[in-house]
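**Student:** I need the structure of the sequence given here:
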Amino acid sequence: PRTHSNLSAHNVQDTLLQYPAGLSRTGHTLVAVCLGFIFVLGILNNFLVLVVFAKFQCLWTPINLILLNISVSDILVCLFGTPFSFAASIHGRWMIGDPGCRWYGFANSLFGIVSLVSLSVLSYERYSHVLRCAQADVSDFRKAWLCVGASWVYSLLWTLPPLLGWSSYGPEGVGTSCSVQWHVRSASSVSYVLCLFIFCLLLPLLLMVYCYGRILLAIRGVTARLLMVLSMVAAYLLCWMPYGVVALVGAFGPGGAVTPLAGTLPAVLAKLSTVVNPVIYVFFNSQVTGGRGRDPNTAPLAPGTPTLHLSSGAPCPPPRYLTPAGAPSSPPTASPRRRGSSCMISLSTTIIEGCGGVGCL
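**Tutor:** Residues are numbered from 1 along each chain as shown. Okay, here's the model as predicted:
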């Protein structure tokens with residue numbers, strides 16, 4: 001096995017000679033087709049998210065700023081990552097040399113971890129507002145900007161070390177993409193892979209499971225909300241856990257346990273998150289789609305989002321609460337012992353009127 005010290009002295013071609021691709025021309029073409037679809041849909045979905053949030057002022061809320069951060073990081077992956085691996089798959093080899101490989105590995109790791117951290121922060125914000133009935137000031141963006149900035153700083157802290165000597169970036173899988181060298185059995189590489197798995201994948205996942213698990217317990221009778229929450233966690237597991245597991249097996253398992261193809265497919269699944277995230281977190285959100293087939297002056301409350309967020313922004317007048325039957329009513333009240341369930345009742349059954357249509361979240 002190669003150590004980190006002589007890894008840095010080898011270029012991309014040397015690495016590929018030691019870890020041969022072992023993928024047919026047809027296999028490379030199939031990977032390229034998948035990456036092409038991911039690139040087009042990822043750009044389109046996330047660009048639409050940015051357009052929607054730019055167009056409607058009442059979407060400018062602190063919690064939605066975190067959603068924007070996810071879309072920005074995802075679209076950056078599509079712009080600075082997917083095209084290079086797509087071109088490499090078309091030609092069957094890496095095209096932009098050793099410096100390009102290191103840049104690719106760093107940039108995609110940076111943007112991916114920003115997205116993962118933001119997803120976990122979003123889950124905590126929803127938990128905080130829903131279960132604890134927190135009354136946040138929707139005009140105060142300081143906390144949201146702090147969360148956004150912290151996600152980028154945290155990601156930089158974990159993606160810069162391979163450029164400075166703790167592990168390294170290089171080709172992975174069939175050699176058409178680059179990432180952390182998880183298959184290298186040096187102490188430096190193994191320790192980095194383990195820390196990266198724990199602090200950038202496992203901990204965000206545990207936070208999401210806890211927060212959404214608590215929300216699930218509160219909305220057991222609301223099937224649509226249950227499916228929404230389960231979809232969020234399932235998408236995270238589908239897109240990211242295979243990559244984390246393969247990296248751990250490559251670092252700690254027997255030599256050759258991870259074949260080139262097994263190292264490539266999880267990387268493609270991770271890029272699929274750029275398509276899945278906007279669909280689940282934005283376009284399946286009833287705040288965005290609820291105006292279709294309804295009175296144009298109504299917009300339903302999205303699962304996991306407090307009433308306070310829907311009425312923010314200058315164009316949105318103060319909300320008037322409606323019961324499911326349509327009769328005006330005052331906001332639900334509850335005793336201190338049942339405060340959390342009352343919050344969920346308002347989130348599950350209340351419709352906000354007077355926001356001005358689908359644009360006002």
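**Student:** verify the stated contact: residue 100 with residue 84.
**Tutor:** Yes: between residue 100 and residue 84 there is a contact under C-beta atoms under 8 Å: 7.1 Å. In short, each C-beta sits where N, CA and C put it, glycine included.
**Student:** which one of those two is surrounded by more residues?
**Tutor:** residue 84 (22 against 15; other C-beta atoms under 10 Å).
**Student:** quick check: which element contains the more buried one?
**Tutor:** helix 82-91 (DSSP states H and E).
**Student:** for residue 113, same thing?
**Tutor:** Using DSSP H and E, the element containing residue 113 is helix 97-131.
**Student:** between that helix and helix 82-91, how many degrees?
**Tutor:** Angle, helix 97-131 to helix 82-91, by axes from the mean of the first three to the mean of the last three C-alpha atoms, to 10 degrees: 130 degrees.
**Student:** the following helix or strand past helix 97-131 - contacts with which helices or strands?
**Tutor:** For helix 97-131, the following helix or strand on the C-terminal side (DSSP H and E) is helix 142-159. If contacts are counted by 3 or more C-beta pairs under 8 Å, 6 or more residues apart in numbering; DSSP states H and E, helix 142-159 sits against helix 62-80, helix 97-131.
**Student:** what about 10 Å?
**Tutor:** Helices and strands touching helix 142-159, by 3 or more C-beta pairs under 10 Å, 6 or more residues apart in numbering; DSSP states H and E, are helix 62-80, helix 97-131, helix 187-197.
**Student:** ok, the nearest residue to residue 151 once chain neighbours are set aside - contacts?
**Tutor:** In this structure, residue 151 finds its nearest non-sequential neighbour in residue 117, 4.3 Å apart by C-beta to C-beta, 6 or more residues apart in numbering. Residue 117 makes contacts with 66, 69-70, 73, 147-148, 150-155, 158, 199-200, 203-204, 207, as judged by C-beta atoms under 10 Å, 6 or more residues apart in numbering.
**Student:** between the helices and strands packed on helix 142-159, which one is nearest to residue 230?
**Tutor:** helix 97-131 (12.9 Å; C-beta to C-beta).
**Student:** now the angle between helix 142-159 and the closest one, please.
**Tutor:** Using the same axes, to 10 degrees, helix 97-131 lies at 140 degrees relative to helix 142-159.
**Student:** just the CA trace of the helix or strand hosting residue 263, in CSV.
**Tutor:** Using DSSP H and E, the element containing residue 263 is helix 260-278. Output of helix 260-278 as CSV, limited to C-alpha atoms (Å, rounded to 0.1, in the frame of the first residue of the first chain):
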residue,chain,number,x,y,z
PRO,A,260,-13.5,0.4,-9.0
LEU,A,261,-17.2,0.2,-10.0
ALA,A,262,-18.2,0.0,-6.3
GLY,A,263,-16.2,3.2,-5.7
THR,A,264,-17.8,5.0,-8.6
LEU,A,265,-21.5,4.4,-8.0
PRO,A,266,-21.6,6.0,-4.5
ALA,A,267,-20.0,9.1,-6.0
VAL,A,268,-22.7,9.3,-8.6
LEU,A,269,-25.4,8.9,-5.9
ALA,A,270,-23.8,11.7,-3.9
LYS,A,271,-24.2,14.0,-6.9
LEU,A,272,-27.8,13.0,-7.2
SER,A,273,-28.4,14.9,-4.0
THR,A,274,-28.2,18.1,-6.1
VAL,A,275,-31.4,17.0,-7.8
VAL,A,276,-33.2,15.5,-4.9
ASN,A,277,-32.7,18.3,-2.3
PRO,A,278,-34.7,21.1,-4.2
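**Student:** can you give me the domain assignment for this structure?
**Tutor:** Domains of the chain are assigned by automatic domain parsing as 4-284, 298-353.
**Student:** that concludes my questions; thank you for your assistance.
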